[in-house]
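okay, predicted coordinates and the sequence, questions at the end:
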Amino acid sequence: EVQLVESGGGLVQAGGSLRLSCAASGISFDDYTIGWFRQAPGKDREVVAYITWNGDRIYYLESVKGRFTISRDDDNDTVYLQMNSLRPEDTAVYYCAAGRPNLLPVDYWGQGTQVTVSS
């Protein structure tokens, strides 16, 4: 059974930091591009960041550049999203996703973790 399990969400004040983790099981992790999406109430789901299967390309949504950092630990089948200088507009449910070899179309989704940034 394939599982992507997110953790690390929560409530934080504006300007604060959170680190999200996505632990994968049941897949050949090294073969997959892993990304983070987010969806705020009443808005479409958007790609926040992704890192390719071999780590040679990293993408960030323009509004998070310089604040968020994505990284992967292939030894532990985990991807991280370090989020600094958080803003209220970053409030959303964050989802981990995996696609092979490219992120899209997504093959597997995590269950999501809530991030709430208070002003």
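Right, received. Where do you want to start?

Arg87 against Thr116, yeah?
No. Applying C-beta atoms under 8 Å, one finds Arg87 not in contact with Thr116, separated by 11.7 Å. The way it works is simple: take the backbone N, C-alpha and C, and place the C-beta from them, glycine included.

tell me where this protein has strands.
Here the chain has its strands, by DSSP state E, at 3-7, 10-13, 18-25, 33-39, 46-51, 58-60, 68-73, 78-83, 92-99, 108-109, 113-118.

so which elements touch the third one?
To tie it back to what came earlier, the one meant is strand 18-25. strand 3-7, strand 33-39, strand 78-83, strand 92-99, strand 113-118 (3 or more C-beta pairs under 8 Å, 6 or more residues apart in numbering; DSSP states H and E).

which one of the ones you listed lies closest to Arg72?
strand 78-83 (4.7 Å; C-beta to C-beta).

what sits up against the closest one?
17-24, 34, 36, 48-49, 51, 64, 67-73, 90, 94, 96, 115 (C-beta atoms under 8 Å, 6 or more residues apart in numbering).

skip the chain neighbours and tell me the closest residue to Ala24.
The shortest distance from Ala24 to any non-neighbouring residue, by C-beta to C-beta, 6 or more residues apart in numbering, is to Asp77 (4.6 Å).

pLDDT at that neighbour, what is it?
pLDDT for Asp77: 96.

repeat that for Gly55.
89.

is it true that it touches Arg72?
Yes. Here Gly55 lies in contact with Arg72, judged by C-beta under 8 Å, at a distance of 6.5 Å.

the more surrounded of the two?
Of the pair Gly55 and Arg72, Arg72 is the one with more neighbours under other C-beta atoms under 10 Å, namely 23 against 12.

bridged to that one, which residues?
Judged by DSSP bridges, the bridge partners of Arg72 are Val79.

and Ala23, by the same measure?
Going by DSSP bridges, Ala23 forms beta bridges with Val5, Thr78.

what is the burial count for it?
Ala23 has 17 nearby residues by other C-beta under 10 Å.
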